[in-house]
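Peer 1: this one's sequence-less:
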């Protein structure tokens with residue numbers, strides 16, 4: 001599990017450097033609608049205070065269904081502050097960034113093959129083999 005957390009951290013940093021990271025539930029939904037074949041990985045993040053948010057739960061259910069239907073690996077993270085520390089908490093406008101859903105897209109350049117993405121794909125495949133369709137990953141300290 002710790003190896004998956006480290007791989008996720010590496011993937012997020014690398015994807016952000018290559019401009020292959022989309023954050024925000026609504027932006028992610030738009031991208032899924034427009035270009036589903038370009039999505040390589042999906043991350044859903046939720047803290048304890050989000051557990052009672054029915055609207056967010058509905059979004060997550062729809063996103064999970066979409067990912068399963070389109071063979072997109074998907075994981076959960078339960079520590080939004082750690083996630084914000086990795087990808088940045090705010091936009092230039094000063095508004096906090098919605099990190100509940102993050103998509104990693106395939107870059108335009110064909111040469112970018114991220115070993116962390118391959119590790120996470122394998123982790124997700126192994127999780128599905130034991131009927132854990134949306135595994136939770138703990139981000140490293």
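Peer 2: That came through, no problem. Keep in mind it's a predicted model, so treat the numbers as computed, not measured.
Peer 1: so is residue 113 in a helix, a strand, or just coil?
Peer 2: The three-state label given to residue 113 by DSSP: H, G, I helix; E, B strand; the rest coil is coil.
Peer 1: that one: neighbouring residues, count only.
Peer 2: Using other Cβ atoms under 10 Å, residue 113 has 8 neighbouring residues. All C-beta atoms are positioned from the backbone trio N, CA, C, and that covers glycine.
Peer 1: try residue 139
Peer 2: Residue 139: 20 surrounding residues under other Cβ under 10 Å.
Peer 1: same question for residue 66.
Peer 2: Neighbourhood size, residue 66 [other Cβ under 10 Å]: 18.
Peer 1: for the closest residue to it other than its chain neighbours, give me its contacts.
Peer 2: What sits nearest to residue 66 in space, not counting adjacent residues and going by Cβ to Cβ, 6 or more residues apart in numbering, is residue 32, at 5.6 Å. Shown in contact with residue 32 (Cβ atoms under 8 Å, 6 or more residues apart in numbering): 39, 63, 66, 103.
Peer 1: swap in residue 70?
Peer 2: Residue 70 is in contact with 36-37, 39, counting by Cβ under 8 Å, 6+ apart.
Peer 1: run the last query once more with 7 Å
Peer 2: Residues near residue 70 by Cβ atoms under 7 Å, 6 or more residues apart in numbering: residue 36.
Peer 1: go on, residue 54?
Peer 2: By Cβ under 7 Å, 6+ apart, no residues touch residue 54.
Peer 1: need the pLDDT of the residue nearest to residue 66.
Peer 2: Reading off the confidence values, residue 32 has pLDDT 92.
Peer 1: double-check that it belongs to a helix.
Peer 2: Yes. Counting by three-state DSSP, residue 32 is located in a helix.
Peer 1: circling back: can you tell me which of the contacts of residue 32 is nearest residue 18?
Peer 2: Closest approach between the contacts of residue 32 and residue 18, by Cβ to Cβ: residue 103, at 13.3 Å.
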